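> Below: sequence and its predicted model.
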Amino acid sequence: MPNVKVFSGTSNADLTRRIVDRLGIESGKVVAKKFSNRETCVEIQESVRGEDVFIVQSGSGEVNDNLMELLIMINACKIASASRVTAVIPCYPYARQDKKDKSRAPISAKLVANMLSVAGADHIITMDLHASQIQGFFDIPVDNLYAEPAVLKWIRENIMDWQNAVIVSPDAGGAKRVTSIADRLNVEFALIHKERQKANEVASMVLVGDVKDKVAILVDDMADTCGTICHAAEKLMEAGATKVYAILTHGIFSGPAISRINNACFEAVVVTNTIPQEEHMKQCCKIQCIDVSMMFAEAVRRTHNGESVSYLFSNVPY
């Protein structure tokens, strides 16, 4: 692939390595460091003049530092005469702050979109946005890839009696995602209606649907403190489910998340590697990881060659 450079931020170097291995190219040389006053400094150590540049940086871990590093890298490539700069953001930062749901609440996802555009990004590639309308916050093209094809593949290959499963959404907002997966597997779906007292704290849950004597597969776009999915798993077991799996695109696992999963009744908690999972998997044997690097690599290849990426919305590239 001539005239293409893929640079890695510090948030998910393993994913970038897998992407460049699949593309058959070398990762671009870049050094990111911090001054003693904690300012971020980035040095692009090779020419990007006239090149099609892709910068891979996930909105996880030290979110603010990683976001700032991404903005500086985009700007550094842009003012070094790169022909196009694409930000590959597997997990979009501040995605949950996507609407003004109470007085004086910020719409931080829109602010991040503005910052990326002002920094000089020409194109965004991301996966499973918390709310798909975030694409409308940008005036540049956004490709929102779906983990769904990889999730379907994992279910068929790893859950023995998946034909007797019920796909469950832990909240009403994920109903569309769950019905799509249930339709493609030709199984039933259910959802859990939850009421929150405040952020990261669930007050009550009501199951809508029948899971008695069936395998329950909870599907959501992200899990942070895991209070919701652990409550949901308890509710499903009370309702007569034989086994409970959780499949999540972005496994953030902050605060008490790992201990909650260890104490919960899951057969497995399956996440993708949009966020690095090595440490989480060491701390919890229930966590399993789906590699989605092939989807990002194919999106990069198709974007560079001017091809359609819609094939990736329903297929896993080989």
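Everything's here; your move.

> Assumed Ala175 was part of a strand.
No: assessed with DSSP: H, G, I helix; E, B strand; the rest coil, Ala175 is helix; it does not lie in a strand.

> check contacts around it.
Going by Cβ atoms under 8 Å, 6 or more residues apart in numbering, Ala175 touches Ser169, Leu191. Every C-beta, even on glycine, is put in place using the N, C-alpha and C of the backbone.

> now it: how far from Phe189?
Relative to Phe189, Ala175 is positioned 8 Å away (criterion: Cβ to Cβ, to the nearest Å).

> Now for those two: what residues contact both?
Residues touching both Ala175 and Phe189 (Cβ under 8 Å, 6+ apart) are Ser169.

> Low-confidence stretches in the stretch 101-250 of the chain?
Applying pLDDT under 70 to the stretch 101-250 of the chain flags the ranges 195-203.

> Now do the helices in it.
In the stretch 101-250 of the chain, the helices defined using DSSP state H, counting those that start in this stretch lie at 108-119, 148-158, 175-185, 227-238.

> Save these as TSV, and put in distance to Thr126 too.
Shown next, in TSV, are the helices of the stretch 101-250 of the chain (distance: least, Cβ to Cβ, whole Å):
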stretch	distance to Thr126
helix 108-119	11
helix 148-158	14
helix 175-185	15
helix 227-238	22
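
> Would you tell me which of those helices gets closest to Arg301?
helix 148-158 (16.7 Å; Cβ to Cβ).

> buried set for the closest one?
Within helix 148-158, the residues that qualify as buried are Glu148, Pro149, Ala150, Val151, Leu152, Trp154, Ile155, counting by 16 or more other Cβ atoms under 10 Å.

> mind giving me the domain ranges of this protein?
4-146+293-313, 148-290 (automatic domain parsing).

> Glu51: which of the helices of the stretch 101-250 of the chain is closest?
Closest of the helices of the stretch 101-250 of the chain to Glu51 is helix 108-119, at 17.3 Å (criterion: Cβ to Cβ).

> If you count neighbours, what's buried in the closest one?
Ala109, Lys110, Val112, Ala113, Leu116, Ser117, Ala119.

> and what of stretch 237-255?
Buried residues in stretch 237-255 (16+ other Cβ under 10 Å): 237, 239, 241-253.
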